[in-house]
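Undergrad: only geometry, no sequence info:
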């Protein structure tokens, strides 16, 4: 999941070297934390949150294929832990 987020976000931003993605297991699922350069936060979120919604949709599909639950946190660029946006992308596996 980390690689997917990193690949997509680096293609969107002006400062790909500043993209940091970490992946941790929490609350029975995987949390992917994304941090970008301050100038790029608007590009990652997009107009009315469309880019971040699309990124979460991609994560939901990838998670569903693996039968996992994934949440994406977009952190403020200054390094604080306050989350700019937090939603859960949940994949469901049909058996």
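TA: Happy to help now that I have it. Since the model is a prediction, treat every value here as computed from it, not as a measurement.
Undergrad: Tell me which helix or strand comes right after the top helix by length along the chain.
TA: As assigned by DSSP state H, the longest helix anywhere in the chain is helix 50-66. Counting by DSSP states H and E, the next helix or strand C-terminal to helix 50-66 is strand 69-75.
Undergrad: That following strand versus helix 50-66: what angle between them?
TA: Here strand 69-75 runs at an angle of 150 degrees relative to helix 50-66 (axes from the mean of the first three to the mean of the last three CA atoms, to 10 degrees).
Undergrad: Beta-bridge partners for the residue nearest the centre of the chain, please?
TA: Closest residue to the average C-alpha location of the chain: residue 72 at 4.0 Å, with CA atoms, centre = their mean. Under DSSP bridges, the beta-bridge partners of residue 72 are residue 32, residue 87.
Undergrad: If I look at it, what pLDDT would I see?
TA: Residue 72 is assigned a pLDDT of 93 by the prediction.
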